[in-house]
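In: structure for the following, please:
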Amino acid sequence: MAQNIAQNIAQKEYSAGEDPLFHRHRQSVYSQHGEDGLLRYFFQEIGLKKGTFLEVGGHDGIFLSNCRQLFEKGWSGIFIEADKQLFQKLQENYRHAPSIQTFHAHVTTQAPYSLDSFVKKAQHTACHFLSLDIDSYDLALWKSLKRIRPVCVCIEYDIAIPFDTRHECPPSTPQERHPLRNAALSIYEWASSQHYSLVAATATNLLFIDNHHIKGTIQTLTYGQFLDYGVRHFRDFIERYAFNHDGRLIALYQDRAFLRNVIAVPGTPYYMAQPIPKGFLFPLFGHKTLLSRCQRFCAVFLNRLAIMTRPWLWRDFFLCKRDKKTTSSPINPMKTHKHPHHASSH
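Out: Here you go, the predicted structure:
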């Protein structure tokens with residue numbers, strides 16, 4: 001999905017006045033969505049020819065790497081990769097590069113596997129570029145970094161989370177990976193609170209620069225500009241779902257709403273049926289006939305049976321019933337994560 005989005009964006013042409021996200025500077029030598037060209041432009045404007053980088057989720061150090069081009073320009077840095085086979089390729093690719101240090105580890109927010117721990121091992125006193133791409137708690141890792149303050153940060157966001165929604169992925173183990181990554185809004189709010197400015201966005205990444213290093217023709221972006229960009233360019237590729245007033249799932253796609261009795265699960269080969277069968281909807285609206293009561297009983301019975309035949313759902317079922325008693329809303333606003341900068345207007 002992300003690749004299709006990137007290809008679509010690349011096919012569009014923008015004039016200078018329509019280029020708030022620096023489309024004309026995008027170029028991929030090794031990176032996925034034009035980050036190589038963006039970084040080259042930003043560092044040129046800042047006046048930084050050489051520096052140090054830290055890439056977390058380094059893969060083999062070449063494929064879709066945001067730092068390989070920097071290495072070829074004389075930068076030094078650190079690659080961290082958790083996958084054993086990929087790390088072996090990473091070591092092979094940089095075995096003759098004394099300016100590069102590689103680490104095989106599942107990075108966490110706590111020592112001895114925190115970013116600060118690896119920065120200390122590498123004896124780095126500065127970081128000019130931080131690239132975070134671990135498909136999970138990237139924001140938590142950025143928050144945990146205290147020993148150095150990166151000049152520029154490239155961090156992955158979850159395109160499946162609506163741009164007006166907050167969510168921060170909690171730290172986890174490889175066996176307990178959280179199903180959602182970080183919302184763009186949560187990343188933006190925290191970065192802003194730390195005096196970083198959004199300077200560009202791609203189909204998967206947000207790029208920030210320390211406010212003290214904003215120079216030249218670099219323009220900073222408000223979240224409203226990014227929100228407008230995302231709505232205009234991503235809506236043709238993302239299908240979202242919402243519950244209707246009668247309990248059925250509605251597909252929201254390309255500014256239209258669709259009601260389907262069989263739903264394709266996005267990004268997978270799976271399908272699922274509507275939670276409430278079409279023939280059982282009428283009893284939910286107060287009909288008191290014997291037939292309607294029988295229909296309602298059968299619908300609820302079949303629904304509960306479908307859950308009880310899957311033991312791994314029992315715990316969530318009873319938790320859901322408990323939450324339903326404590327709030328009239330599917331989501332209890334009192335239980336959401338607290339955001340110290342929630343009051344910020346964007």
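
In: CA atoms of stretch 249-269 as CSV?
Out: The C-alpha trace of stretch 249-269 is given here as CSV (Å, rounded to 0.1, in the frame of the first residue of the first chain):
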residue,chain,number,x,y,z
LEU,A,249,-19.5,-1.5,9.8
ILE,A,250,-19.3,1.2,7.1
ALA,A,251,-16.3,1.3,4.7
LEU,A,252,-15.0,4.8,4.1
TYR,A,253,-13.1,5.1,0.9
GLN,A,254,-12.4,8.0,-1.5
ASP,A,255,-14.8,10.4,0.2
ARG,A,256,-17.6,7.9,0.0
ALA,A,257,-19.3,5.5,2.4
PHE,A,258,-20.1,1.9,1.5
LEU,A,259,-22.2,-0.8,3.3
ARG,A,260,-21.0,-4.3,2.6
ASN,A,261,-22.2,-7.6,4.1
VAL,A,262,-18.8,-9.1,3.4
ILE,A,263,-15.7,-7.0,4.2
ALA,A,264,-12.2,-7.5,2.8
VAL,A,265,-9.7,-7.0,5.6
PRO,A,266,-7.2,-4.4,4.3
GLY,A,267,-3.7,-5.6,3.7
THR,A,268,-4.5,-9.3,4.1
PRO,A,269,-6.2,-12.1,2.0
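
In: now that stretch, how far from the centre of its chain.
Out: Distance, stretch centre to chain centre, for stretch 249-269: 21 Å (Cα atoms, centre = their mean, to the nearest Å).

In: how about the helices in the stretch 51-200 of the chain?
Out: For the stretch 51-200 of the chain, the helices defined by DSSP state H, counting those that start in this stretch cover 68-72, 84-93, 115-122, 138-144, 184-193.

In: want to throw those into JSON lines with mean neighbour count, distance to Ile159 and mean pLDDT?
Out: The way it works is simple: take the backbone N, C-alpha and C, and place the C-beta from them, glycine included. What follows is the helices of the stretch 51-200 of the chain, written out as JSON lines (neighbours: other Cβ atoms under 10 Å; distance: least, Cβ to Cβ, whole Å; pLDDT from 0 to 100):
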{"stretch": "helix 68-72", "mean neighbour count": "20", "distance to Ile159": "24", "mean pLDDT": "97"}
{"stretch": "helix 84-93", "mean neighbour count": "16", "distance to Ile159": "23", "mean pLDDT": "97"}
{"stretch": "helix 115-122", "mean neighbour count": "18", "distance to Ile159": "24", "mean pLDDT": "96"}
{"stretch": "helix 138-144", "mean neighbour count": "20", "distance to Ile159": "13", "mean pLDDT": "97"}
{"stretch": "helix 184-193", "mean neighbour count": "21", "distance to Ile159": "8", "mean pLDDT": "97"}
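
In: just put those in a markdown table and tack on distance to Leu249.
Out: Shown next, in a markdown table, are the helices of the stretch 51-200 of the chain (distance: least, Cβ to Cβ, whole Å):
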| stretch | distance to Leu249 |
| --- | --- |
| helix 68-72 | 43 |
| helix 84-93 | 38 |
| helix 115-122 | 40 |
| helix 138-144 | 29 |
| helix 184-193 | 24 |
